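Chemist: Here's my sequence, what's the structure:
(chains A, B, C and D)
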Number of protein chains: 2
Amino acid sequence: MIPNRPFRPAPVTARDKLLEAAVKLVRTNGYAATSVDELCREAGVTKGAFFHHFPTKEALGVASAEYWSASTSGFFAAAPYHHHADPVDRVLGYIDFRVALIGGPVEGFSCVAGTMVQEAFRSSAAIRVACEASIMGNCAALEDDIAQAMAQRGVTGTSAASFARHIQAVIQGSFVLAKTQEPAEAAELAREQLGHLRRYFAMLFKEDTEETMQ
Amino acid sequence: MIPNRPFRPAPVTARDKLLEAAVKLVRTNGYAATSVDELCREAGVTKGAFFHHFPTKEALGVASAEYWSASTSGFFAAAPYHHHADPVDRVLGYIDFRVALIGGPVEGFSCVAGTMVQEAFRSSAAIRVACEASIMGNCAALEDDIAQAMAQRGVTGTSAASFARHIQAVIQGSFVLAKTQEPAEAAELAREQLGHLRRYFAMLFKEDTEETMQ
DNA sequence: ACTGACATACCGACTGGTTGGTATGTCAGA
DNA sequence: TCTGACATACCAACCAGTCGGTATGTCAGT
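Modeler: The predicted structure follows:
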């Protein structure tokens, strides 16, 4: 499961409690179906606190995408797959790390930005842009390793950025498919899909070296 | 663009008009953000007509997933890629056909079932199941061709069903990523992602034959 | 041919609850 | 005394869903 706030103390201010609540409720019920009252109840704060910190519900949506970005980017930056010497191992290590995070009900491993942008891409430009920044920011963190892997194995025909986006696309798609399943089977389906992603990259980067992995 | 009702006359009954409206509005604004009044306005029918044909809004959601399934499955069944002799060409032809359908704003090529299940997977079991049937039904239509392609090229290690699900996962994921973009760039991003999917299958099925495609 | 019972397909005013948002008040700490 | 961080009460708009009514058949019985 991807934690909401992996490297910070428990939320104390009303603002942080509301962001925590937003992540949980948006993942579970979506953005539109989550009311401000529900958010306040979940966070244990009053409506006055809500509108003290956020001018509108939309602003909370934007802030929660940014909050999600900050949480996850910190979490992935500290993950162990970065220590591999071979850039190919770092890329495959990222995928393996993502697979390891998948388990339990979908709302425990799905993506806030992906969920929110599906609903709000047309009705709120601010939320759309915040979700774009979150998802594409995640891509950017992979680009260097992919570029190095491509250079080392002589992979051409597309860009590192495009490959990075593909990783995100498969992850997001696996969440959508997982949501069609009953809770008990959701995680397995999502993991299966990342397996295909891994195979794609393994095939691309296995050219002139056989079992270089350490 | 994937048409809503490709092989049928223009809707005449209030029920069909409401299903048309549901497909359009759910694709654009999502399920929860689409009100019954809005649906009626878009369809040009009254609230009485709505609740005459559907007991609840949820029932319209379920019916629109089924309606979407019926429309798209008929549309794909009639597509020309089925005529290829080589099963590999049929699988790649399906992907190429999907790429050709992508263009214009996201709500013109995105998937109703994928959008709806993201929002309603936890709050409505009936909608979740209807969306599962729609998406997995699309997978089932591909399974035979994939199984034949696997047998012919000696691909092992996973099942035809799993490959079929991967096609759907990448398609759904490409829609999520496309929704993060401005309207002008959305289609290009989605096509790019299906390009990776095509490359994955081309690599898998290119083993012991070089340029068998006709 | 005509009737009356019944069915289908709608119409639109209405309701009770919920929505996002506001106005005003409180109160600890600087 | 003044500010930032809340709390409480409230509001108009909107929500899904209801209900009594109408228009238009259909069809068995006479």
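
Chemist: What separation do you get for the residue in chain A positioned nearest to chain B and A:Glu58?
Modeler: At 2.7 Å from chain B, A:Gly173 is the closest residue in chain A, using Cβ to the nearest Cβ. For the C-beta atoms, the positions are set from N, CA and C on the backbone; glycine is no exception. A:Gly173 sits 27 Å away from A:Glu58, taking Cβ to Cβ, to the nearest Å as the criterion.

Chemist: Which one's more surrounded, the two?
Modeler: A:Gly173 (30 against 17; other Cβ atoms under 10 Å in any protein chain shown).

Chemist: related to what we said a few turns ago, contact partners for the residue of chain A closest to chain B?
Modeler: Going by Cβ atoms under 8 Å, 6 or more residues apart in numbering or on different chains, A:Gly173 touches A:Gln193, B:Gln168, B:Ala169, B:Val170, B:Ile171, B:Gln172, B:Gly173, B:Ser174, B:Val176.

Chemist: Following element in sequence after the helix or strand hosting A:Leu39, please.
Modeler: Using DSSP states H and E, the element containing A:Leu39 is helix A:36-43. Where DSSP H and E defines the elements, the next helix or strand beyond helix A:36-43 is helix A:47-53.

Chemist: Following element in sequence after that following helix, please.
Modeler: Moving toward the C-terminus from helix A:47-53, the next helix or strand (DSSP H and E) is helix A:57-77.

Chemist: And the helices in chain A, which stretches?
Modeler: Using DSSP state H, the helices found in chain A span residues A:14-29, A:36-43, A:47-53, A:57-77, A:87-101, A:112-120, A:125-153, A:160-179, A:183-204.

Chemist: Could you dump these into TSV and include distance to B:Arg27 and mean pLDDT?
Modeler: Below are the helices of chain A laid out as TSV (distance: least, Cβ to Cβ, whole Å; pLDDT from 0 to 100):
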stretch	distance to B:Arg27	mean pLDDT
helix A:14-29	20	94
helix A:36-43	26	93
helix A:47-53	31	93
helix A:57-77	20	95
helix A:87-101	28	98
helix A:112-120	10	97
helix A:125-153	15	97
helix A:160-179	14	98
helix A:183-204	23	97
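
Chemist: As CSV, these with distance to B:Asn138 would be great.
Modeler: What follows is the helices of chain A, written out as CSV (distance: least, Cβ to Cβ, whole Å):
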stretch, distance to B:Asn138
helix A:14-29, 25
helix A:36-43, 34
helix A:47-53, 41
helix A:57-77, 30
helix A:87-101, 25
helix A:112-120, 18
helix A:125-153, 24
helix A:160-179, 11
helix A:183-204, 15
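
Chemist: Tell me which of those sits nearest to B:Pro87.
Modeler: helix A:183-204 (18.7 Å; Cβ to Cβ).

Chemist: re the thing from before, would you mind pulling the contact partners of the helix holding A:Leu39?
Modeler: Contact with helix A:36-43 is made by A:14, A:17-18, A:20-22, A:24-25, A:46-47, A:49-50, A:57, A:60, as judged by Cβ under 8 Å, 6+ apart.

Chemist: out of the residues you listed, who's near DNA strand C?
Modeler: Restricting the contacts of helix A:36-43 to those touching DNA strand C (Cβ under 7 Å from any atom of the strand) yields A:Lys47, A:Lys57.

Chemist: Please identify the residues of chain A in proximity to DNA strand D?
Modeler: Selection of chain A residues close to DNA strand D by Cβ under 7 Å from any atom of the strand yields A:Thr13, A:Ala14, A:Arg15, A:Val45, A:Thr46, A:Lys47, A:Gly48, A:Ala49, A:His52, A:His53.

Chemist: Got the confidence number for A:Gly104?
Modeler: The model reports A:Gly104 with a pLDDT of 96.

Chemist: Number of residues surrounding it?
Modeler: For A:Gly104, the tally of surrounding residues (other Cβ under 10 Å) stands at 12.

Chemist: Likewise for A:Ala141?
Modeler: For A:Ala141, using other Cβ under 10 Å, the count is 15.

Chemist: Got phi/psi on the residue nearest the centre of chain A?
Modeler: Nearest to the mean C-alpha position of chain A, by Cα atoms, centre = their mean, lies A:Cys111 at 4.6 Å. With angles defined as degrees, to the nearest 10, A:Cys111 sits at phi -110, psi 130.
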